[in-house]
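J.: model this:
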Amino acid sequence: MKRSLETIAYKENTEALAKFAKALGHPTRIAILKHLQSQSCCFTGDLVDVFPLAQSTVSQHLKELKNAGLIQGELKSPKIKYCINQENWKIAKSLFQDFFD
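T.: Model (predicted):
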């Protein structure tokens, strides 16, 4: 049975939306994204200073956001600088807009 391009696109879009939704499913991750939007970029240590969480907890949330593609990290030895992945952020916004419309 052949799948149409429309069916494939639908499946890819719903999977991407679910991936983004899962990453946004924790209040701390939403707060991290809001902070990154206002700062453009920051280091893990900066986030530890902002949020009352252990560095390991902040790192775990960053890992989840990065795995979902919502943020990106750049190694600035010995630290990692994080910022919003603008391309995927636009995709997420579009997918959520389509979902809610």
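
J.: list the residues that contact the residue positioned nearest the centre of the chain.
T.: Per CA atoms, centre = their mean, the C-alpha nearest to the average position across the chain is that of residue 70, at 2.4 Å. When contacts are counted by CB atoms under 8 Å, 6 or more residues apart in numbering, residue 70 is found next to 20, 23, 24, 33, 84, 85, 88, 89, 92. C-beta: built from backbone N, CA, C; applies to glycine.

J.: just those residues: which are in helices?
T.: Judged by DSSP state H, the subset of the contacts of residue 70 located in helices is 20, 23, 33, 88, 89, 92.

J.: how far away is the last one from residue 17?
T.: Right, residue 92. From residue 92 across to residue 17, the span is 8 Å (CB to CB, to the nearest Å).

J.: flag every buried residue along the helix or strand of the chain with the lowest mean pLDDT.
T.: Least confident helix or strand of the chain, by mean pLDDT, DSSP states H and E, is helix 5-23 with a mean of 86. Along helix 5-23, these residues count as buried under the neighbour rule (16 or more other CB atoms under 10 Å): 16, 17, 19, 20, 23.

J.: next: stretch 62-74.
T.: Buried residues in stretch 62-74, defined by neighbour count with 16+ other CB under 10 Å: 62, 64, 65, 66, 68, 69, 70, 71, 72, 73.
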